[in-house]
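Student: Would you be able to build a 3D model of this:
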Amino acid sequence: MSDDAADTTQVTDQADSPAEPTGDFWTQPRSTPMLAGWVLLVTGVLGMAAAIALLLDRIQLLIDPSFVPACSINPIISCGSVMVTEQGKFFGFPNPMLGLPAFAVILVTAVLTLGRVRLPRWYWLGQAIVTFLGQIFVGYLIFQSLYRIHALCPYCMVVWTIVPIIFILSLSRVLPDGDRGRSMREWLWMLLPVYYVVVVAMIAIEFWDYWSTLF
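Tutor: You can find the predicted model right below:
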């Protein structure tokens with residue numbers, strides 16, 4: 001294993017050892033490194049802050065249609081343009097209302113982890129499944145923002161950034177211990193920068209005409 005690979009997997013590997021309690025695979029409590037707890041805490045706080053900010057601005061827009069959110073900076077970076085679209089209320093209510101309970105769960109997981117509570121694999125599996133569904137929704141919103149709405153919401157991009165981190169970390173705690181599980185975790189973390197590069201490239205290409213005017 002290379003030094004770089006070791007660094008990218010230390011969030012989830014440090015607690016994997018033969019000393020894990022015996023028992024059923026899914027009910028077996030999992031030791032989780034403190035670093036993973038801090039990562040979940042930071043991502044949970046960022047996600048909750050973004051959801052709250054978006055929801056407050058959306059409420060203000062309902063009260064005053066002429067309200068301009070602070071995150072509406074220019075024709076491209078504009079929360080207001082995204083909020084008022086049908087995609088901004090995919091289930092019939094503002095999308096940030098989905099983020100409030102979702103990131104609340106992440107914060108609870110972070111606190112339990114930092115409190116050295118050993119959560120079973122089924123808990124991490126449930127969190128990984130829900131986060132995976134969230135990642136699919138994020139992919140849909142990225143496509144809609146770039147190619148249908150033609151605007152970027154900074155708060156939304158915070159969520160685009162942190163959801164894959166939460167998903168990979170959660171899935172990593174489900175994987176088995178040993179060399180095979182460690183190798184799978186390495187590959188998962190290697191996919192994260194690929195995701196970021198692809199999203200940044202999509203943004204750069206789609207709005208290149210505007211970005212080029214800034215140089």
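
Student: CA only for contacts and neighbour counts going forward, please
Tutor: Noted.

Student: Now Arg30: phi and psi?
Tutor: Main-chain dihedrals, Arg30, degrees, to the nearest 10: phi -110, psi 130.

Student: so it bridges to which residues?
Tutor: Beta-bridge partners of Arg30, counted by DSSP bridges, are Leu119.

Student: show me the contacts for it.
Tutor: Contact partners of Arg30, counting by Cα atoms under 8 Å, 6 or more residues apart in numbering, are Glu20, Arg118, Leu119, Pro120, Arg121, Arg173.

Student: what's the answer for Pro120, then?
Tutor: Applying Cα under 8 Å, 6+ apart to Pro120 gives the contacts Trp26, Thr27, Gln28, Pro29, Arg30.

Student: what pLDDT does Ser31 get?
Tutor: In this model, Ser31 is scored at 83, pLDDT.

Student: So Val68 lies in a helix, does it not?
Tutor: No: counting by DSSP: H, G, I helix; E, B strand; the rest coil, Val68 is not found in a helix; it is coil.

Student: Tell me, how many residues neighbour it?
Tutor: Residues within reach of Val68, counting by other Cα atoms under 10 Å, total 16.

Student: hang on, it packs against Gly80?
Tutor: Yes: at 6.7 Å, Val68 counts as touching Gly80 under the criterion of Cα atoms under 8 Å.

Student: follow-up on the earlier one: scan the contacts of Pro120 and report the most crowded one.
Tutor: Going by other Cα under 10 Å, Arg30 tops the contacts of Pro120 with 22 neighbours.

Student: if I look at that one, how far off is Met97?
Tutor: Separation of Arg30 from Met97 (Cα to Cα, to the nearest Å): 31 Å.

Student: and if you look at Val117?
Tutor: From Val117 to Met97 the distance is 28 Å (Cα to Cα).

Student: Could you list the buried residues of stretch 180-194?
Tutor: Buried residues in stretch 180-194, counted by 16 or more other Cα atoms under 10 Å: Gly181, Arg182, Arg185, Glu186, Leu188, Trp189.

Student: Need those residues in a markdown table (columns: pLDDT, secondary structure and distance to Arg148).
Tutor: Below are the buried residues of stretch 180-194 laid out as a markdown table (pLDDT from 0 to 100; DSSP: H, G, I helix; E, B strand; the rest coil; distance: Cα to Cα, whole Å):
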| residue | pLDDT | secondary structure | distance to Arg148 |
| --- | --- | --- | --- |
| Gly181 | 80 | helix | 40 |
| Arg182 | 85 | helix | 40 |
| Arg185 | 87 | helix | 35 |
| Glu186 | 89 | helix | 35 |
| Leu188 | 90 | helix | 30 |
| Trp189 | 92 | helix | 30 |
